[in-house]
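J.: From the sequence below, what's the structure:
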Amino acid sequence: MNIDNFTFGDALVVAGMGILIVFGVLCIIIAYLFLQSKVFMALENKKAKPKVKDEPKPVVTATQEVVEQNDDEIVAVISACIYTMLQDDDTVDSDAEFVIRKIEKLKWSK
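T.: Have a look, this model is predicted:
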């Protein structure tokens, strides 16, 4: 590019290159901030304290009673497994209550 023959097309090329450089730098900054926030969140999640549950659910209490009062070893093991499942928040109470009723029927049928 000669300064004497600097045309409008040359100005557009220089402006386009400047815009591309600015856009590239912005993309790099955004990518850096995004990745850094993900890394910080991952580190915070590793340091997170375990949740402390306030009170046991009624189903958990019923399962504990079945385990404590049961003489049958198989039923006690099944009840203990249900009790462990109930510690997760994903388990639905009605499903666990149904299983506990079935176990109690099995217990009294013997």
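J.: So, low pLDDT: which residues of this protein?
T.: Along the chain, the parts satisfying pLDDT under 70 run over 1-2, 45-64, 66-77, 79-99, 102, 105-110.
J.: try 90 this time
T.: Regions of the chain meeting the criterion pLDDT under 90 cover residues 1-11, 33-110.
J.: Domain map for the protein?
T.: For the chain, the structural domains run 7-46, 58-109, going by automatic domain parsing.
J.: what about Ile78, how many neighbours?
T.: Other residues near Ile78 come to 20 when the count uses other CB atoms under 10 Å. To be clear about C-beta, it is placed using only N, CA and C from the backbone, and glycine gets the same treatment.
J.: name the helices or strands packed onto the helix ranked longest in the chain?
T.: Longest helix in the chain, counting residues (DSSP state H): helix 8-46. Helices and strands touching helix 8-46, by 3 or more CB pairs under 8 Å, 6 or more residues apart in numbering; DSSP states H and E: there are none.
J.: So that it lines up with my notes, have the first residue be 57 from now on.
T.: Will do, 57 is the new start, and the previous item becomes helix 64-102.
J.: got the buried residues for that helix?
T.: Buried residues in helix 64-102, counted by 16 or more other CB atoms under 10 Å: none are found.
J.: Could you export stretch 64-73 as PDB, CA atoms only?
T.: Extracted C-alpha coordinates of stretch 64-73, given in PDB (Å, rounded to 0.1, in the frame of the first residue of the first chain):
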ATOM      1  CA  PHE A  64     -11.500   4.000  -0.100                       C
ATOM      2  CA  GLY A  65     -11.100   0.300  -0.700                       C
ATOM      3  CA  ASP A  66      -7.800   0.300   1.300                       C
ATOM      4  CA  ALA A  67      -9.600   2.100   4.100                       C
ATOM      5  CA  LEU A  68     -12.300  -0.500   4.200                       C
ATOM      6  CA  VAL A  69      -9.600  -3.300   4.400                       C
ATOM      7  CA  VAL A  70      -7.800  -1.600   7.300                       C
ATOM      8  CA  ALA A  71     -11.100  -1.000   9.100                       C
ATOM      9  CA  GLY A  72     -12.200  -4.600   8.500                       C
ATOM     10  CA  MET A  73      -8.900  -5.900   9.900                       C
END
